[in-house]
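> turn this into a model:
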Amino acid sequence: MGEKQQKRLQGQVVLITGASSGIGQGIALRMAQDGAKVVINYNSDEDGAQATVEAIEKEGGVALALKADVGNEAQVEQMFKDAKDAYGSIDILVNNAGIQKDASLVDMTLEQWQKVINTNLTGPFLCARAAAREFMAQGIKKEVSRAAGKIIFISSVHDIIPWGGHVNYATSKGGVAMMMKTLAQELAPHQIRVNSISPGAIKTDINKEDWSSPEGKEKMLSQIPYGRIGEPDDIARVASWLASDEADYVTGATLYVDGGMTLYPSFAE
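The predicted structure is shown next:
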C-alpha cells in the first residue's frame, strides 16, 4: 500500500463570502472535504452559517463563521483580521456573496440599484483587495500551494446574457467579469491567480419558486441544453479544482458552469 494521497487543499485556509446557504454553502462543504480550513462569511443568516460549520465539523473538518457585510469596508477588514487571527493565514478567497433586487428600469429605485452594486461589485472589490494584500505579505508557501494566493469570483451567466428587469444585477456581474480580468493581469506577477465561475440555473433558495413547480422547471429546462438544473455541488467541485494546484496555470479565465445555457438554445433549430 502506498502513502495516502494528500487532499488537494490540505493545509490551506479559504474564506467564502455568503456561505450560509446555496452555492457558497456548497463550496464550503466541498473545500472542507478537500482539506481546507473554512471561514464562512454571512451577513444576516447566522443559523445557516452555523449549520454549515456544524456540517463541516461533523465530517471532521475545521470551520469558523464570521459576520460581515461585504460592502462595508471596516467590516471586511475586521473579518480578514479575525480569520488570520484564527487560522494564521488565508490562501483562497471565494467572492460568492450576492443579492437581487429586481424591478423594471422605469420602476427601479436608486436604493435598489445601489444596494445590489454595493454587495455584488463593491463587496468583491473590498474582499479581493484585502486578500491580495494578505497574499503579497505572506508570499508562496510551497508546502501547501504553488501560488501565493487564489481569488475566485462567483459571477453568473448574466455577465454576458442580458436580463431585462434585472439591470442592477446584470450590470454588477458584467462589472465582476472585467474586475476579474483586470486583477488577474495585475496580480499574476505576484503569483496570485484570479478566476471566475459563472453559474447558470442552480437549485438554491433564491430561485426555488422557479424550479420547484412543474411549470417553472419546464421553463428553466427550455434554456438548458444539457437537460437538468444544476446543484450547488456542480459549482463547488469546479471551485475546489480551480483553487488547487491542478489548475495552477489557469488565471484570468471564466468557466461557464451552466449546462449549455450560454449556447443560446433558442437558436438550436
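> what does stretch 169-187 contact?
95, 98, 100-102, 116-117, 120-121, 124-125, 128, 132, 135, 151, 153, 155-156, 158-163, 193-196, 198, 251-252, 254 (C-beta atoms under 8 Å, 6 or more residues apart in numbering). The C-beta positions use only the backbone N, C-alpha and C, and glycine is treated the same way.
> same check on stretch 96-104?
Here stretch 96-104 has contacts from 16-19, 23-24, 27, 41, 43, 70, 109, 112-113, 115-116, 119-120, 123-124, 154, 156, 164-166, 168-169, 172, 206, using C-beta under 8 Å, 6+ apart.
> from the contacts of stretch 169-187, keep the buried residues only.
95, 98, 101, 116-117, 120-121, 124-125, 128, 132, 135, 151, 153, 155-156, 158-159, 161, 193-196, 198, 251-252, 254 (16 or more other C-beta atoms under 10 Å).
> just the ones in strands from the contacts of stretch 96-104, please.
16, 41, 154 (DSSP state E).
> the first one contacts Ala28, correct?
What that stands for is Ile16. Yes. Counting by C-beta atoms under 8 Å, Ile16 does reach Ala28; the two are 5.3 Å apart.
> once you drop chain neighbours, what's closest to Met136?
His190 (5.6 Å; C-beta to C-beta, 6 or more residues apart in numbering).
> count of residues packed around the one you found?
15 (other C-beta atoms under 10 Å).
> that one reaches Phe135, doesn't it?
Yes. Using C-beta under 8 Å, His190 is in contact with Phe135, at 7.0 Å.
> what sits in contact with each of those two?
Common neighbours of His190 and Phe135, counting by C-beta under 8 Å, 6+ apart, are Ala148.
> okay, now the unreliable bits of this protein?
Applying pLDDT under 70 to the chain flags residues 1-4.
> quick one: distance of stretch 69-89 to the chain centre.
In this view, stretch 69-89 has its centroid 17 Å away from the chain centroid, taken as C-alpha atoms, centre = their mean, to the nearest Å.
> flag every buried residue along it.
Buried, per 16+ other C-beta under 10 Å, within stretch 69-89: 69-72, 75-76, 79-80, 83-84, 87, 89.
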